[in-house]
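Engineer: Take a look and give me a structure for this.
(chains A and B)
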Amino acid sequence: MIYNWKKIVRNGLPILTFAVLIEIFAGSILQNNQEIIVLLPIFLISIPVINSVGGNIGSVLGARLASGLHVGYITAKANDKKMHENLLTAIIIGVFTYTLLAIIIYYGALFANLNKGIELKEFVGIFVSTGFLLICLVAISSVLAAFISFKKGLDPDDMVAPVVTTVGDVLGITFLFLMISVFGVGI
Amino acid sequence: MFAKEMAKQSLPLLLLCGLGAIVTGCILSLMNTPNLDDNLFLKIPGLIIVIPAIIAMRGNISTAFGSRLGSAYHLGVIDADNLWNKELIQNILGSFVLSLLMSIFIGILAYITSFILGVFPNPFLIISIVLIAGVISGIILSFMTIGVIYLVFKRGYDPDNITGPALATFGDIITISCILGSIFLLEGLI
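Structural biologist: Purely as a prediction, here's the structure:
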């Protein structure tokens, strides 16, 4: 038998504890901004979407970098050209996806009457600028997590996804409320 | 060249996961009704704090489960005709114990954090909601993982490419539904 439940629990606990501690922090940011969420319910629908796209792009990027490092066509250096190409593509794909989903959410919310207090251009502006900031930061943390774990002799395939999705959740929620106040909505 | 290939292969899945996340968001907004007397986040202090943690826990445990089953398949330990064996049972048990431990941890942590933020939840209620939602979503997702893996094996796909995003997206929807369900179950205590 190669699997043993005790070993699965032992291996899972450290990364899960790390993830839960950071996510409780993300939850505290939500708690502190509860008024905005109640006032503008459309943003609560947006949070899982912002985080899911950010986490997915970060994980895809991380997996690609990990394969590149394993095979050797990417080197763990700040000026690696292939790495830059991957980063730029991730950002372009991200902005495109966020714009499309923002429009879908806005018109979907129209039916449920959840879009009160905000116009389409404001919502798309907040959503896409949040997404852009998130993708940039998630892409950088994905590169760092891949390069650092590779240099330390750990397998980037195991490390990047949990780190990137967790960091992405906190940053996504932080940037969303930051952008809501920059755009001056709901005050 | 390179960019085109990345866009072509990951964009459809990305959009699909985005649409799944909209469903999660809609279930969340069922709890966040504009009618303030029915708004569950106002009625249950501390509830909003546990949402990101419980979703992340579920996602981490079930994608790891899926990726272990993917490796087990590549190692030849399980396949479509020999799915329900000792290796699988150890995997299910491991995921279940992790869900149980982490749910209790999230509940206690949320209770402490709420105090620091100046909201005062009912400790029994908040821990029960997380525990019931965590355990039930864990059981549902274990069976769903096995179902997804079985279909993937039968069709001869590589499980590594499919299980991760599929489980993450369905996992979020199921976890949020389980939170909503456990609140209704415990409604008498609110």
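
Engineer: Name the residue of chain B that lies nearest to chain A.
Structural biologist: Going by CB to the nearest CB, chain A is nearest to B:G94 of chain B, at 2.8 Å. Just so you know, the C-beta spots here come from the backbone N, C-alpha and C atoms, and that holds for glycine as well.

Engineer: residues near that residue, how many?
Structural biologist: B:G94 has 24 neighbours, counted by other CB atoms under 10 Å in any protein chain shown.

Engineer: shaky segments in chain A?
Structural biologist: Applying pLDDT under 70 to chain A flags the ranges A:157-158, A:186-187.

Engineer: mind listing the helices for it?
Structural biologist: A:5-32, A:34-39, A:42-71, A:81-111, A:120-151, A:156-183 (DSSP state H).

Engineer: before we move on, back to that, how about the helix or strand hosting the residue of chain B closest to chain A: buried residues?
Structural biologist: Using DSSP states H and E, B:G94 maps to helix B:86-117. The neighbour-count check on helix B:86-117 (16 or more other CB atoms under 10 Å in any protein chain shown) flags B:87-88, B:90-99, B:101-103, B:105-107, B:109-111, B:113-114 as buried.

Engineer: B:T24 versus the residue of chain B closest to chain A, what's the distance?
Structural biologist: Remark: distance between B:G94 and B:T24 (CB to CB, to the nearest Å) = 26 Å.

Engineer: Would you reformat the helices of chain A as a markdown table and include distance to B:E5?
Structural biologist: Shown next, in a markdown table, are these (distance: least, CB to CB, whole Å):
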| stretch | distance to B:E5 |
| --- | --- |
| helix A:5-32 | 31 |
| helix A:34-39 | 39 |
| helix A:42-71 | 10 |
| helix A:81-111 | 9 |
| helix A:120-151 | 18 |
| helix A:156-183 | 20 |
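
Engineer: Most proximal residue of chain A with respect to chain B?
Structural biologist: Closest point on chain A to chain B, by CB to the nearest CB, is A:I8, at 2.8 Å.

Engineer: so that residue sits right up against B:L98, yeah?
Structural biologist: Yes - using CB atoms under 8 Å, A:I8 is in contact with B:L98, at 7.2 Å.

Engineer: and the residue most central in space within chain B, what helix or strand is that in?
Structural biologist: When chain B is reduced to its mean C-alpha position, the nearest residue by CA atoms, centre = their mean turns out to be B:R58, at 3.3 Å. Assigned by DSSP H and E, B:R58 falls within helix B:47-75.

Engineer: quick one: least confident helix or strand in chain B?
Structural biologist: Least confident helix or strand, chain B: helix B:2-31 with a mean of 84, by mean pLDDT, DSSP states H and E.

Engineer: does that one come close to chain A?
Structural biologist: Yes - Helix B:2-31 lies within reach of chain A by CB under 8 Å from any CB of the partner chain, at B:2-3, B:6-7, B:10-11, B:13-15, B:17-22, B:24-26, B:28-29.

Engineer: which of those count as buried?
Structural biologist: B:6, B:10, B:13-15, B:17-18, B:20-22, B:24-26, B:28-29.
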